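Trainee: Here you go, sequence then predicted model.
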Amino acid sequence: MRFEQAQRLKNLSPYLFARVERLIEEKKAAGVDIISLGIGDPDQPTPDHIIEELVKEARNPANHQYPSSVGMLCYRQAVASWYARRFGVQLNPETEVVALIGSKEGIAHISWCYLNPGDTVLVPDPGYPVYAGGAILAGAVPYYMPLKAERGYLPDLASIPTEVARRAKMIFINYPNNPTGAVADEAFFAEVVAFAREFNVLVCHDAAYTEIAFDGYRAPSFLQVPGAKEVGIEFGSVSKPFNMTGWRIGWAAGCPEVIEALGRLKSNLDSGQFQAIQYAAMAGLNGSQEVINRVNELYRERRDILVEGLNSLGWKLEKPKATFYIWAPVPTGYTSESFAELVLERTGVVITPGTGYGANGEGYFRISLTVDTARLREAVERLKSNLGPVKF
């Protein structure tokens, strides 16, 4: 039998990391010792106090029934309290916070709340593939905003054609940025708020990496900017700061109208996250943040190893202030994919071609720092031994 797929699925490219995972398995099956620097999945364990909270709450029968699709109020209060301490942002936990089964889920679903078939959504390019993917599944048409090195990988909002801006229903932004590692200041966020007001566009800020930062840098929240809660929401997660990617717990916060719409959609699609996991996330948010400092010091060490190693081969990279990614140009004579293939074949090291994040990722590759430090050093030595000096 053959079943015809829906057009919305045909319009969707295979998820980038699924292709990377298949490539890794093929090489492993061939006996290659692979060092994968491709996927941004923290390699450190979840802190003990969070695990202990999960175990305790998992034994409580009160948590064994269906949870609320919008999250327990105490969890949403923990998110609001964390925002107040971290950013000085005041949130009403009842109306301005909704729990998510990981921020990825909310990023995908927000398009279903506000985009009709044929609507326009503004998407960064390069960017996290789910921004466009969720919009495409909703039948919308992405308009890709180029992120260029000469602008610090910030979109040039003034260059968006007026007719496109007027058609646009939503805009996605993401700082600190995946895949480029770029950061944004409050002045840029204020520019986004003004743009949203002028063209009646809903702002969706992916803030998954605010806590992964180095050298004294502290990333701001979009919601710190005056007027931000009137025009948008921010997606947050415990995945990166507390090494909880597999736990699938996050939130959206901001404009009450939008939070309500997202919660209403979720009530028709899922039954919320297991309450014991919500309690565990609360243990992270309410507890000591020293664990974040420790993991950031580890990523900083790895960042320095990798950047200095690449620079010794001919790159001229600056050390990023945030995220656990290195975004680097490919040498002369290569495309993003051909260089990634060369590196894999010669060294057994997996890097991610920039085109996996959009057309404007051509000419770049991304390396993740979420691998054991000794293995990262080995990857650098393999690059030095098998690539030699490169030219740009």
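Mentor: In hand now; what should we look at? What you are looking at is a predicted structure, and each value in this text was computed from that prediction instead of being measured.

Trainee: Which stretches in the stretch 201-350 of the chain count as strands?
Mentor: All strands of the stretch 201-350 of the chain, identified by DSSP state E, counting those that start in this stretch, fall at 202-206, 232-237, 250-254, 325-329, 349-350.

Trainee: Quick one, which of the ones you listed gets closest to Val130.
Mentor: Taking C-beta to C-beta as the criterion, strand 202-206 is the member of those that comes nearest to Val130, at 8.8 Å. For glycine as for every other residue, the C-beta is placed from the backbone atoms N, C-alpha and C.

Trainee: now the strands of the stretch 201-350 of the chain in TSV, with distance to Ala30 and mean pLDDT?
Mentor: Output for the strands of the stretch 201-350 of the chain, formatted as TSV (distance: least, C-beta to C-beta, whole Å; pLDDT from 0 to 100):
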stretch	distance to Ala30	mean pLDDT
strand 202-206	36	98
strand 232-237	35	98
strand 250-254	37	98
strand 325-329	27	98
strand 349-350	14	95
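
Trainee: what about those, which gets the closest to Glu96?
Mentor: Among the strands of the stretch 201-350 of the chain, strand 250-254 comes nearest to Glu96, with 5.8 Å by C-beta to C-beta.

Trainee: For that closest one, name the packing helices and strands.
Mentor: helix 73-87, strand 97-100, helix 103-114, strand 232-237, helix 256-269 (3 or more C-beta pairs under 8 Å, 6 or more residues apart in numbering; DSSP states H and E).

Trainee: contacts for it?
Mentor: Contacts of strand 250-254 with the rest of the structure, by C-beta atoms under 8 Å, 6 or more residues apart in numbering, involve 71, 76, 79-80, 83, 91, 96-106, 110, 208, 223, 228-229, 232-239, 258-259, 262.

Trainee: Let's see that with 7 Å instead.
Mentor: Applying C-beta atoms under 7 Å, 6 or more residues apart in numbering, the contact partners of strand 250-254 are 79, 83, 91, 96-100, 102-103, 106, 223, 228-229, 232-239, 259, 262.

Trainee: Can you list the strands that that strand pairs with?
Mentor: Note on strand 250-254: by DSSP bridges, its sheet partners are strand 97-100 (antiparallel), strand 232-237 (antiparallel).

Trainee: Tabulate those (JSON lines), appending distance to Leu54 and mean neighbour count.
Mentor: Formatted as JSON lines, the strands paired with strand 250-254 follow (distance: least, C-beta to C-beta, whole Å; neighbours: other C-beta atoms under 10 Å):
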{"stretch": "strand 97-100", "distance to Leu54": "16", "mean neighbour count": "27"}
{"stretch": "strand 232-237", "distance to Leu54": "17", "mean neighbour count": "27"}
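
Trainee: can I get the ones you listed in JSON lines with distance to Val192?
Mentor: Shown next, in JSON lines, are these (distance: least, C-beta to C-beta, whole Å):
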{"stretch": "strand 97-100", "distance to Val192": "21"}
{"stretch": "strand 232-237", "distance to Val192": "8"}
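
Trainee: Of the ones you listed, which is nearest Thr46?
Mentor: Among these, the nearest to Thr46 by C-beta to C-beta is strand 232-237 (13.3 Å).

Trainee: So which residues of the stretch 101-250 of the chain form helices?
Mentor: Taking DSSP state H, counting those that start in this stretch as the test, the helices found in the stretch 101-250 of the chain are 103-114, 129-137, 162-167, 186-199, 228-231.

Trainee: For Ala359, which of these is the nearest?
Mentor: helix 129-137 (11.2 Å).
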